[in-house]
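In: Let me see the structure of the following:
(chains A and B)
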Amino acid sequence: MREKLESLGLDLPLLPTTTVGSFPKPREVMEARQKLLAGKLTKKDLRPLEEQATRFWIKTQEEIGIDVLVDGEMYRGDMATYFAENLDGFKISGLVRSYGNRYYRKPIISGKVKWRGPITVDWWKFAQSLTKKPVKGMLTGPYTMMDWSFNEYYPNRREACLDMARALHEEVKALADAGAKIIQVDEPALSARSEELDDFIIKALDIVTKGVGAYFITHSCYGAFEFIYPDMLKLPVDNFDLEMSNSELDLVEIFRRHPFTKDISFGVVDVHSHVIEDVETVKKRIKRALEVLKPEQLWVDPDCGLKTRTREEAIGKLRAMVGAAEEVRKSLSEK
Amino acid sequence: MELITASAGSYPRIGTAPEKQRLRAEYARLDRGEISKEDFARVQDEVTKEVIEEQRRAGIELATDGQVRWYDQISHFARKLDGCEINGLLRLFDTNFYFRQPVIKGNVRWAAPIVVGEFKFAKKVSPIPIKPVVTGPYTLARHSIDKHYHDFSSLVADFVVAIGKEVNALAKAGAEVIQLDEPSILKNPQEFKIFESAVGEVSKNKGKARLALYTYFGDAAKLYDKLQSLPIDILGLDFSYSQKLAAVIEGMGSEKELGLGLVDGRNTRIENVKETAKVVAKILKKLDVDRVYLNPSCGLDEYLPREVAFEKLKNLVAIAKQVRAEMK
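Out: Numbers count the residues shown, from 1 in each chain, chains lettered A, B, ... in the order given. The predicted model follows:
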């Protein structure tokens, strides 16, 4: 897909480095969010703090030497709830347990899902204004939005997902109109029910992306890809961003049997571990990927969002990732 | 024919109202070392009483203890079996709930009762009959990382012996119905042979209790005739994954008493009483068994807010009432 990137005017090195989306929020943002929930602050009060934190992460990504940046999602809580709050047709539920003593509020689709105006575009514009490097547009995909919501309105999962896709298509268009050339559609739920891939997931992503001239990435994690690979290659996106280091890299074996035909953002650092990988470990992971993928196909990034790590751990992991990518890039150009 | 309203497993342990959040707050205090395990166990006892009372108030006739003490359906058993260590979090089927994955490091062996104490407590405090729930050997094996046997059927075989002992102990403790949860078979129908012998062996331990095999999180229509051949007394079915299941049952009838999971335990939408009652009545007309249970499609704790769970059960009772009126 190098041609597509070039045609969009994107001049990226081999093995472009990027991140999945979220970074840890600084304490002042976390505290302000608590106060917002308690009704002691308004969303407007939060904005300057969120902007300051976004500036920090843009500058940090530039300093580390990452090629394709993200805004860091300083303004988001949960990735599904954030979009549910900004689309028509949603309510938010009471508390549901996710594990142990952790609870969350789940979106409820209670009416027809509609786009009522840009959701992420302002933040994208703000982040892009701070850097010359490309910043990815980011949204949660229609299948994940449907799968992670209760559905009280639509007769079935398919109808809910397809209407969700129509709403998100408007957001994607708005991002592209604002100038976003790389747009990431997060679908962590992608492998939830493998039979639904052909039933309607492909169609949903087709609705989301149709007619929009951007390079599309879809991110997924914790998947059981053996159930949807190679069928998932039918999804109308340019790049799959997949968790690799946390899955003991067994996908490489799968790719040996069925060659991967798209670009891939290969997760090379584990976001669930406090341990900061060294450059050698990350290099080994990249080289392992290159056994089954062409250098032109390969992007390098962490497994998932880094929001659960400390700032130091996140930065340490990204430095190791960029250092390793640079060394492998160098050895490729020497060949 | 008797239609009995029943729970199918867990019940939410906290609610959204502040006074319903005690267990969560005390759990956090336990984590910080501010209260003892015994203090926390007392809170769990009280919440268990509360959720049994809520089920009764909704009109449920066969309740569970709500599984208030369970971390999750898998590790609650593996934790107490020899040979198992507990690993990181993994998504449970296609839900948004995470369980801790067992790692098998040695021979799996039953060391002491797992849920018998919980059952005895619930039975003692409950004004209505209590059904203990046990996760089945096949599902436990399917959710484990095997670093010891390197052979799936040997792993299942040892889980069978262990769970058989638990079922036996529950029967001796006075359980009249024991629910054996085996959701995994629906996703792995090709392993039915292993599954069949596992259920057969466990069934030998049921004593005077009746064994209820509950399947969920998948389409049971394709396996329905095979499930009918198992040595069980009650077969629990999840209708939320299947368009055809009702028609399959109407076509084939049933040798077993059925647990009809016609109330979706994973969606906040409250079922239409008349429409759902019609589906139930249509199935009942084709059955020639003594009892049929109407229950949610799965446990409710991990999938619904407490307030909605209560509404769901109340609505389930209303559906049963409507069915009884129609059947007259």
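In: So for the closest residue in space to A:His274 that isn't next to it in sequence, what pLDDT did the model give?
Out: Leaving aside its sequence neighbours, A:His274 sits nearest to A:Glu313 (Cβ to Cβ, 6 or more residues apart in numbering or on different chains; 6.0 Å). Where C-beta positions appear, they are placed from N, C-alpha and C, glycine not excepted. Note on A:Glu313: pLDDT of 96.
In: List the buried residues for stretch B:152-161?
Out: B:Leu155, B:Val156, B:Ala157, B:Asp158, B:Phe159, B:Val160, B:Val161 (16 or more other Cβ atoms under 10 Å in any protein chain shown).
In: and the helix or strand containing the last one, what other elements does it pack with?
Out: Meaning B:Val161. Using DSSP states H and E, B:Val161 sits within helix B:152-172. Helices and strands touching helix B:152-172, by 3 or more Cβ pairs under 8 Å, 6 or more residues apart in numbering or on different chains; DSSP states H and E, are strand B:98-110, helix B:116-125, strand B:133-135, helix B:137-142, strand B:177-181, helix B:192-203.
In: can these go into JSON lines with extra columns for mean pLDDT, distance to chain A and mean neighbour count?
Out: Below are those laid out as JSON lines (pLDDT from 0 to 100; distance: least, Cβ to the nearest Cβ, whole Å; neighbours: other Cβ atoms under 10 Å in any protein chain shown):
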{"stretch": "strand B:98-110", "mean pLDDT": "97", "distance to chain A": "4", "mean neighbour count": "19"}
{"stretch": "helix B:116-125", "mean pLDDT": "98", "distance to chain A": "18", "mean neighbour count": "18"}
{"stretch": "strand B:133-135", "mean pLDDT": "98", "distance to chain A": "16", "mean neighbour count": "27"}
{"stretch": "helix B:137-142", "mean pLDDT": "98", "distance to chain A": "12", "mean neighbour count": "26"}
{"stretch": "strand B:177-181", "mean pLDDT": "98", "distance to chain A": "18", "mean neighbour count": "25"}
{"stretch": "helix B:192-203", "mean pLDDT": "98", "distance to chain A": "19", "mean neighbour count": "19"}
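In: Now render the ones you listed as JSON lines, adding distance to A:Val279.
Out: Formatted as JSON lines, these follow (distance: least, Cβ to Cβ, whole Å):
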{"stretch": "strand B:98-110", "distance to A:Val279": "30"}
{"stretch": "helix B:116-125", "distance to A:Val279": "51"}
{"stretch": "strand B:133-135", "distance to A:Val279": "44"}
{"stretch": "helix B:137-142", "distance to A:Val279": "38"}
{"stretch": "strand B:177-181", "distance to A:Val279": "47"}
{"stretch": "helix B:192-203", "distance to A:Val279": "46"}
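In: Dump the one helix or strand the residue nearest to A:His274 maps to to PDB, restricted to CA.
Out: Per DSSP H and E, A:Glu313 falls inside helix A:311-334. Extracted as PDB, the C-alpha positions of helix A:311-334 are listed here (Å, rounded to 0.1, in the frame of the first residue of the first chain):
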ATOM      1  CA  ARG A 311       4.200   8.000  31.800                       C
ATOM      2  CA  GLU A 312       7.700   6.700  32.300                       C
ATOM      3  CA  GLU A 313       6.800   3.100  31.200                       C
ATOM      4  CA  ALA A 314       5.000   4.400  28.100                       C
ATOM      5  CA  ILE A 315       7.900   6.600  27.100                       C
ATOM      6  CA  GLY A 316      10.500   3.800  27.800                       C
ATOM      7  CA  LYS A 317       8.500   1.300  25.700                       C
ATOM      8  CA  LEU A 318       8.200   3.800  22.800                       C
ATOM      9  CA  ARG A 319      11.900   4.600  22.900                       C
ATOM     10  CA  ALA A 320      12.800   0.900  22.700                       C
ATOM     11  CA  MET A 321      10.300   0.500  19.800                       C
ATOM     12  CA  VAL A 322      11.700   3.400  17.800                       C
ATOM     13  CA  GLY A 323      15.300   2.400  18.500                       C
ATOM     14  CA  ALA A 324      14.700  -1.100  17.300                       C
ATOM     15  CA  ALA A 325      12.800   0.100  14.200                       C
ATOM     16  CA  GLU A 326      15.700   2.400  13.300                       C
ATOM     17  CA  GLU A 327      18.300  -0.300  13.700                       C
ATOM     18  CA  VAL A 328      16.300  -2.800  11.600                       C
ATOM     19  CA  ARG A 329      15.600  -0.100   9.000                       C
ATOM     20  CA  LYS A 330      19.400   0.500   8.800                       C
ATOM     21  CA  SER A 331      20.200  -3.100   8.400                       C
ATOM     22  CA  LEU A 332      17.600  -3.400   5.600                       C
ATOM     23  CA  SER A 333      19.100  -0.500   3.700                       C
ATOM     24  CA  GLU A 334      22.600  -2.000   4.000                       C
END
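In: Enumerate the residues of the stretch 151-300 of chain B near chain A.
Out: B:Asn267, B:Thr268, B:Arg269 (Cβ under 8 Å from any Cβ of the partner chain).
In: in the stretch 101-250 of chain A, which spans are strands?
Out: Ranges of strands in the stretch 101-250 of chain A, per DSSP state E, counting those that start in this stretch, are A:102-115, A:137-140, A:150-151, A:182-186, A:215-220, A:239-242.
In: what's the third one packed up against?
Out: Counting contacts by 3+ Cβ pairs under 8 Å, 6+ apart, strand A:150-151 packs against strand A:102-115.
In: In chain B, which residue sits nearest chain A?
Out: Residue nearest to chain A within chain B: B:Pro305 (3.1 Å; Cβ to the nearest Cβ).
In: Now do the same contact list for that residue.
Out: A:Ser93, A:Gly94, A:Leu95, A:Val96, B:Pro12, B:Gly15, B:Thr16, B:Thr268 (Cβ atoms under 8 Å, 6 or more residues apart in numbering or on different chains).
In: Can you flag the buried ones in these?
Out: A:Ser93, A:Gly94, A:Leu95, A:Val96, B:Pro12, B:Gly15, B:Thr16, B:Thr268.
In: related to what we said a few turns ago, just how off-centre is the helix holding B:Val161 within its chain?
Out: Computed by Cα atoms, centre = their mean, to the nearest Å, the chain-centroid distance of helix B:152-172 equals 17 Å.
In: For the buried ones among the contacts of B:Pro305, work out which two are farthest apart.
Out: Across those, no pair lies farther apart than B:Gly15 and B:Thr268, at 14.3 Å, counting by Cβ to Cβ.
In: just to revisit the earlier point, please convert the contacts of B:Pro305 to TSV, extending it with secondary structure.
Out: Formatted as TSV, the contacts of B:Pro305 follow (DSSP: H, G, I helix; E, B strand; the rest coil):
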residue	secondary structure
A:Ser93	strand
A:Gly94	strand
A:Leu95	strand
A:Val96	strand
B:Pro12	coil
B:Gly15	coil
B:Thr16	coil
B:Thr268	coil
